[in-house]
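Participant: sequence plus predicted model, see below.
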Amino acid sequence: MNTNLEFNKNEDSLRLMVSELKKQLEQIKLGGGKKATERHKSKGKLTARERLELLFDKNKPTVEIGAFAGWGMYKEQGGCVAGGTVAMIGYVKKRLCIVAANDATVKAGAYFPISVKKNLRIQEISMENRIPIIYLVDSAGAFLPMQDEVFPDKEHFGRIFRNNAVMSAAGIPQIAAIMGSCVAGGAYLPIMSDEALIVENTGSVFLAGSYLVKSAIGEDIDNETLGGATTHCEISGVTDYKMKDDKECIETIRNLVDKFGHNEKAGFDRIEPEKPELDEQELYGIIPEDASKQYDMLELIKRLVDKSEVEQYKEEYGKSIICCYARVDGWAVGIVANQRKVVKSKKGEMQFGGVIYSDSADKAARFIMNCNQRKIPLVFLQDVTGFMVGSRSEHGGIIKDGAKLVAAVANSVVPKFTFIVGNSYGAGNYAMCGKAYDPRLIFAWPNSKIAVMGGDQAAKTMLQIQVAQEKAKGAEVSPEAEKELLDKIKAKYTQTMEPRYSAARLWTDGIIDPLDTRKIISMGIEAANHAPITKPFSVGIIQT
C-alpha cells in the first residue's frame, strides 16, 4: 500500500470520480423511469436490460457500448437515455457477440439522431471484427419531430439497412427478434437479418400501422391481424420463428447461436493470462488530481500488463512517448503511451511530459510499423497535450515527423484500442489514435479531457479575439469586464472538455473505471481475432 500523501490525494480524487460515474450509470440503467418501465412490463414484456441478462452467458464479462449516449442532450424533447438503445459485447453460448436492444421505455424506443449514430456504431463493431450481431427490436421507428436529422443523409437511418445487406453478403451472422413494435422503415432491419423471430401478442412488424392504413386506403384492421406473429409466421412467411414470450425467444436465439460454425482467425498471439505483479488498485493514485502535473506513465502501464513486465522499444530515444511490447490477459500487445514526466532527450535537452517531439513521433511510427509486420494489436494510452511548437521544433521538421506518425496510425491494419487516461488535446488526439483513426474500441477514464487545446489556453485565445473585435468597433473593455468575459468563456469551453460530453456524442464508446481497462483490451482483441487481416500495411507516400 502506497502511503505517499500526494498519491493518496490522487487516489481519493479518482475514486470519487469513479463512484460518481457508477451512480450515473445506475441512473442510466433505469431507462425511461419507473412509470414507463411499469407500463412496459404490464404488457408481459421484459426490459431491454432484462433481455440482455437472459441472453448472455452467466458469470462471463460484458462490455457496454455507448451507455452515456445522449447524456444531457435533447432536453426540450425530454431526453434520450442511452440513445434509446442498450448495446453490449458479451458471450452467447461461449460465442462473442454484440447485441443492440431497443429500450422501449425511452420514447417507445424511437430513433433520435444519437440513436442512429449509436446503432451504426454497433454495426461497425460487428463488421470490423466479423462477430455475430443480435438485434432485440422494440421500437416505434424514427422520432418524427426530428425526422430531418435521422432520415435522408448518408449516416442516417437508411444506413442501418444498407449495413444489414452488406453484413449478410459478407457472411456476418445477424439474428433479429421482434419483441415489440417494428414499424415503417424500421421493419426492414429484422427482415434484412438472416433470421427473424417474433413474440406473440407483443411483437408486430409492418410498413404502416392500422391508423395509417385506415387513412391511406380506408381499410379497417387491427395491428395484430395486420402484422402480428401469426400473420407473419403462418401467412406472409416474413418471420421464421413464432415465440410465446420473451424468455422463449431469447432461449431460441441462444440455441441458434450455439450452432454457428467457426471461421478462420486473425492469429493474434495469446498465452495463459497472468495478473499484474504490481497492485492494479494503485492505478487510482498514479494519475495526478491536477492534470497539469507530471507522473511516470510507465508505472501506470506496469499495473495494466501481465506480470507487470514490458519490453521497451528504443528506451533511450524519443522519451516523450513510451513504446513497449507486453501482454494483457495473455494477449500480445504493442503499447504506445505518452510519457507524462519531464525527460532528458538524447541531446541533453529537457522534454515536457505529454508533448510529442520529433524523435518520439519518429520512434512511435517505426514501432507501429513493427507491430503491423508482426501481427501485434496496438494499445494507445493517451495523456497528450499536443506536438511541440516553436522555431526549434519547426526548423527540425516537427510537422513532417508528426505526419509520419499520423500516417502510420491511419494505415495500421492490426486492431487498435485507445484509452484516454488524461488529456487528449489537439493533433495529439489524432496521432495517438483518436476516434477519427478507427480504433476498434475507444474508452475514457473519468478524469479525461478532450479538446483542441487546454481550457486556459483556449479561453485566453478566444478572449484576445473578442477583445480585439470590440476595440476595432471603438469600444473600451475594462479589466473587470475582461475578467468576467474570460471566466464565461472558460466555463463554457471547460464543459465541452468533460468525458460525459464526449461520451454523450459517441466520440468515445464510454467512460470506464480504470480497473476495467484490462478486460476491455482482452475482449476487444478476442473480438478482433475473428477478422483475418487481408490488407497489406503501407504508409503510402510518407516514408519513415
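Facilitator: Nice, thanks for sending it over. Numbering: from 1, shown residues only.
Participant: every contact and neighbour count from this point should use C-alpha atoms.
Facilitator: Fine.
Participant: got the CA coordinates for whichever strand or helix holds residue 491 in PDB?
Facilitator: The secondary structure element spanning residue 491 is helix 479-497 (assigned by DSSP states H and E). The C-alpha trace of helix 479-497 is given here as PDB (Å, rounded to 0.1, in the frame of the first residue of the first chain):
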ATOM      1  CA  PRO A 479     -10.100  44.800 -16.800                       C
ATOM      2  CA  GLU A 480     -13.200  43.800 -14.800                       C
ATOM      3  CA  ALA A 481     -15.300  43.200 -18.000                       C
ATOM      4  CA  GLU A 482     -12.300  41.400 -19.500                       C
ATOM      5  CA  LYS A 483     -12.100  39.000 -16.500                       C
ATOM      6  CA  GLU A 484     -15.800  38.400 -16.500                       C
ATOM      7  CA  LEU A 485     -15.700  37.500 -20.200                       C
ATOM      8  CA  LEU A 486     -12.700  35.300 -19.600                       C
ATOM      9  CA  ASP A 487     -14.500  33.400 -16.800                       C
ATOM     10  CA  LYS A 488     -17.600  33.000 -19.000                       C
ATOM     11  CA  ILE A 489     -15.600  31.700 -22.000                       C
ATOM     12  CA  LYS A 490     -13.600  29.300 -19.900                       C
ATOM     13  CA  ALA A 491     -16.700  27.800 -18.100                       C
ATOM     14  CA  LYS A 492     -18.400  27.100 -21.400                       C
ATOM     15  CA  TYR A 493     -15.300  25.700 -23.000                       C
ATOM     16  CA  THR A 494     -14.400  23.500 -20.000                       C
ATOM     17  CA  GLN A 495     -17.900  22.000 -20.100                       C
ATOM     18  CA  THR A 496     -17.200  20.700 -23.600                       C
ATOM     19  CA  MET A 497     -14.000  19.000 -22.500                       C
END
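Participant: contact partners for the closest residue to residue 45 other than its chain neighbours?
Facilitator: Ranked by Cα to Cα, 6 or more residues apart in numbering and with sequence neighbours excluded, the top spatial neighbour of residue 45 is residue 246, at 6.5 Å. Applying Cα atoms under 8 Å, 6 or more residues apart in numbering, we find residue 246 in contact with 45-46, 51, 179, 199.
Participant: from these, which is closest to residue 7?
Facilitator: Nearest to residue 7 among these, counting by Cα to Cα, is residue 51 at 42.0 Å.
Participant: quick one, helices of the stretch 401-544 of the chain?
Facilitator: Ranges of helices within the stretch 401-544 of the chain are 426-431, 455-472, 479-497, 499-504, 517-528, based on DSSP state H, counting those that start in this stretch.
Participant: list the buried ones in the last one?
Facilitator: By neighbour count on 16 or more other Cα atoms under 10 Å, the buried set for helix 517-528 is 517-518, 520-528.
Participant: would you list those residues in CSV and tack on pLDDT?
Facilitator: Listed next are the buried residues of helix 517-528 as CSV, based on pLDDT from 0 to 100:
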residue, pLDDT
517, 98
518, 98
520, 98
521, 98
522, 98
523, 98
524, 98
525, 98
526, 98
527, 98
528, 98
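Participant: could you dump the residues you listed to TSV with distance to residue 473?
Facilitator: Supplementary listing: the buried residues of helix 517-528 in TSV, determined by distance: Cα to Cα, whole Å:
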residue	distance to residue 473
517	53
518	56
520	54
521	55
522	59
523	58
524	56
525	58
526	61
527	59
528	58
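Participant: biggest helix in this protein by residues?
Facilitator: For the chain, the longest helix by residue count, based on DSSP state H, is helix 5-28.
Participant: just checking, what packs against it?
Facilitator: helix 283-286 (3 or more Cα pairs under 8 Å, 6 or more residues apart in numbering; DSSP states H and E).
Participant: now residue 268. Its backbone dihedrals?
Facilitator: The main-chain torsion angles of residue 268 are listed as degrees, to the nearest 10 and equal phi -70, psi 140.
Participant: where among the helices of the stretch 401-544 of the chain is the average confidence lowest?
Facilitator: For the helices of the stretch 401-544 of the chain, the stretch scoring lowest in mean pLDDT is helix 455-472; its value is a mean of 72.
Participant: list the contacts of it.
Facilitator: 476-477, 482, 485-486, 489-490, 493-494.
Participant: quick check on these: which are buried?
Facilitator: The neighbour-count test (16+ other Cα under 10 Å) marks 485-486, 489-490, 493-494 as buried among the contacts of helix 455-472.
Participant: would a markdown table of the residues you listed with distance to residue 411 be doable?
Facilitator: As requested, the buried ones among the contacts of helix 455-472 are arranged in a markdown table below (distance: Cα to Cα, whole Å):
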| residue | distance to residue 411 |
| --- | --- |
| 485 | 43 |
| 486 | 41 |
| 489 | 37 |
| 490 | 36 |
| 493 | 32 |
| 494 | 32 |
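Participant: show me which pair in those is furthest apart.
Facilitator: Within the buried ones among the contacts of helix 455-472, 485 and 494 form the most distant pair, 14.1 Å apart (Cα to Cα).
Participant: the stretch 251-400 of the chain: strands as residue ranges?
Facilitator: Taking DSSP state E, counting those that start in this stretch as the criterion, the stretch 251-400 of the chain carries its strands at 311-312, 321-328, 331-338, 343-344, 350-351, 355-356, 378-384, 386-387.
Participant: take the ones you listed and write them to TSV, including distance to residue 169.
Facilitator: Written out in TSV, the entries for the strands of the stretch 251-400 of the chain read as follows (distance: least, Cα to Cα, whole Å):
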stretch	distance to residue 169
strand 311-312	42
strand 321-328	34
strand 331-338	31
strand 343-344	52
strand 350-351	51
strand 355-356	43
strand 378-384	29
strand 386-387	42
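Participant: on the pLDDT front, check the residue with the largest distance to the centre of the chain for me.
Facilitator: Each residue of the chain has a distance to the centre, and by Cα atoms, centre = their mean the biggest one is for residue 474: 48.1 Å. What the model reports as pLDDT for residue 474 is 77.
Participant: what's it sitting at in phi/psi?
Facilitator: The phi/psi pair for residue 474 (degrees, to the nearest 10) reads phi 90, psi 10.
Participant: distance of it relative to residue 468?
Facilitator: Between residue 474 and residue 468 the distance, using Cα to Cα, to the nearest Å, works out to 10 Å.
Participant: now residue 58
Facilitator: Using Cα to Cα, which is the criterion applied here, residue 58 is 62 Å from residue 468.
Participant: residue 408 now?
Facilitator: As it turns out, when the distance is counted by Cα to Cα, residue 408 lies 40 Å from residue 468.
Participant: more crowded one of these two?
Facilitator: Here residue 408 and residue 468 are set side by side on neighbour count (other Cα atoms under 10 Å), and the busier one is residue 408, at 26 against 14.
Participant: that one contacts residue 365, doesn't it?
Facilitator: Yes - the criterion here is Cα atoms under 8 Å, and residue 408 meets it with residue 365 at 5.6 Å.
Participant: quick one: residues contacting residue 242.
Facilitator: For residue 242, the contacting residues are 197-200, 229-230, 233, taking Cα under 8 Å, 6+ apart as the criterion.
Participant: make it 10 Å
Facilitator: By Cα atoms under 10 Å, 6 or more residues apart in numbering, residue 242 lies in contact with 177-178, 196-200, 203, 228-230, 232-234, 248-249.
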